[in-house]
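>>> Sequence and predicted structure, then a few things I'm wondering about:
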Amino acid sequence: MAFRSRREKLRSILSGGTCVHPGSVYDAISIRIAEDLGFPIGMFGGSVASLAVLGDPDITLITLTELCEQMRRMSRASTLPVLVDADHGYGNALNVRRTVQELETAGAAGLTIEDTLLPAAFGETKTQLISLEEGVGKMKAALSGRSDPSLVIMGRTGAASITSIEDAVRRAKAYEATGVDALFFTGIKSRAELEAITAATRLPIVLGGAPEDLSALDYLASQRVRIALQGHAPITAATQAVHDTLKALREGASPKALKGLASAELTGRVMREAETKARSADVLGLKT
Ligand SMILES: O=C([O-])CC(=O)C(=O)O
Ligand SMILES: [Mg+2]
C-alpha cells in the first residue's frame, strides 16, 4: 500500500510520548514547504479547504469530491502524512463510510469525523450537535469504511464549547468504545477541562485550537495530547501576500520593484526543479 508509511508515521506520533504541531497545508505548494521545513505532519482543515478550493467560508459548501481532489494533489506532491478534517463526514453515517473510502484512496494519513450538525439547520444561529447515538453510528461507519488498517480515524467533538465539558467527556468515552484511534477536541478552555478528558479516556488526544494556558508542549504531552493545532496562519499569510503583490502592480509598481517574492532558489525547490531536470535528461534526452 503506497500510503502505508505515511499512516504509520502518524501512528507513531500518536503512540509516542511527545506533542507536535502540524503544519497547516492546503495545496501542493504549501505541503511541500511544510515537508521541507521538517513538520512531522500536515493538517488539512475544512476551513482552509473551503478557502483554497472555493474561496468561501467554512459553511460546508465544499463537496467530498472537491476535498478529495485537493487531498490527491497534495498526496502526489509530497509524502508528508496529512490529517484531514472530514467535517461531519458529508452526510449521515452511510455517507461517512463513503467519505473514509474516498479519503483513504486520496492518500490521507488520518481523518477526523465530528459530531457537529452540518450544514447549519434552518433558523439556527448557534452550532448544534447531533445526538451521541448518531455520533457513535458515524464512528462505527467510519471504521467500517477503512480498508487499509493503518489509516487513522479520529472521533471529534466540539461539545466542550457547545454543550458542556461533561457532555464532551460522555461523547469521548462513547466514541472511544467504538474503536477509533484517537480523540480530537475543539473548544477546550482550561487545564481543568483537558485534565477531566485525560482522566476519563485512554486514547491519544488531539487539540484543535486552544488558549495560551494550553500551549506548553511538555504539559500537553503529559496529558496525552499528541497533536496540537495552531490555526491556519499560512493561508492567511498567502492571502495577504497575493493581495499586496496585486495591489502594488495595480498601482503601477514595476514587477522588479516588488517586495516579498519567493527567490528563484525557493521557487525551484518547491517545484522540485532539480528532480524534473534530472528526469528530463533521462527521458527527454536533454543535457542537465
Ligand atoms: O481541523 C481544523 O483544522 C480546525 C477546523 O475545524 C477547520 O479549520 O476547519
Ligand atoms: Mg473544520
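Thanks, I have the structure now. Ligands and ions are numbered 1, 2, ... in the order given.
>>> Would you mark the buried spots in the helix or strand containing residue 73?
Mapping residue 73 onto the secondary structure by DSSP states H and E places it in helix 64-77. Across helix 64-77, burial judged by 16 or more other Cβ atoms under 10 Å covers 64, 67-68, 70-75, 77. Heads up, the C-betas are built off the backbone N, CA and C, glycines and all.
>>> got the residues you listed as a markdown table, with distance to residue 22 and pLDDT columns?
Supplementary listing: these in a markdown table, determined by distance: Cβ to Cβ, whole Å; pLDDT from 0 to 100:
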| residue | distance to residue 22 | pLDDT |
| --- | --- | --- |
| 64 | 22 | 98 |
| 67 | 17 | 98 |
| 68 | 19 | 98 |
| 70 | 16 | 98 |
| 71 | 15 | 98 |
| 72 | 19 | 98 |
| 73 | 18 | 98 |
| 74 | 13 | 98 |
| 75 | 16 | 98 |
| 77 | 17 | 98 |
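>>> related to what we said a few turns ago, which strands or helices does the helix holding residue 73 pack on?
helix 28-36, strand 42-44, helix 46-49, strand 82-85, helix 93-105 (3 or more Cβ pairs under 8 Å, 6 or more residues apart in numbering; DSSP states H and E).
>>> element containing residue 218?
Assigning secondary structure by DSSP H and E places residue 218 in helix 217-222.
>>> ok, residues contacting that helix?
Contact partners of helix 217-222, identified using Cβ atoms under 8 Å, 6 or more residues apart in numbering, comprise 17-21, 191, 207, 214, 228.
>>> low-scoring stretches of the chain, by residue?
Where the chain drops to pLDDT under 70, the residues are 1, 288.
>>> care to break it down by domain?
What automatic domain parsing lists as the domains of the chain is 4-237, 258-288.
>>> most tightly surrounded among those?
For the domains of the chain, ranked by mean neighbour count under the definition mean count of other Cβ atoms under 10 Å, the leader is domain 4-237 at a mean of 19.
>>> Can you name the residue of the stretch 101-250 of the chain nearest to ligand 1?
Using Cβ to the nearest ligand atom, the closest approach of the stretch 101-250 of the chain to ligand 1 is made by residue 208 at 4.6 Å.
>>> State the distance from that residue to residue 57.
17 Å (Cβ to Cβ, to the nearest Å).
>>> looking at the helices and strands packed on helix 64-77, which is closest to residue 258?
The stretch from those with the least distance to residue 258 (Cβ to Cβ) is helix 28-36; that distance is 18.2 Å.
>>> same for the closest one, what does it pack against?
Using 3+ Cβ pairs under 8 Å, 6+ apart as the contact criterion, the secondary-structure elements in contact with helix 28-36 are strand 23-24, strand 42-44, helix 64-77, helix 233-250, helix 264-270.
>>> What parts of the protein come near ligand 1?
Counting by Cβ under 6 Å from any ligand atom, the chain comes close to ligand 1 at 43, 45-47, 58, 85, 208, 229, 232.
>>> Closest one of those to residue 185?
When the residues of the chain next to ligand 1 are ranked by distance to residue 185 (Cβ to Cβ), residue 208 comes first, at 6.8 Å.
>>> Residue 184 is in contact with the closest one, correct?
Yes: in this structure, residue 208 is within contact of residue 184 by Cβ atoms under 8 Å, at 6.1 Å.
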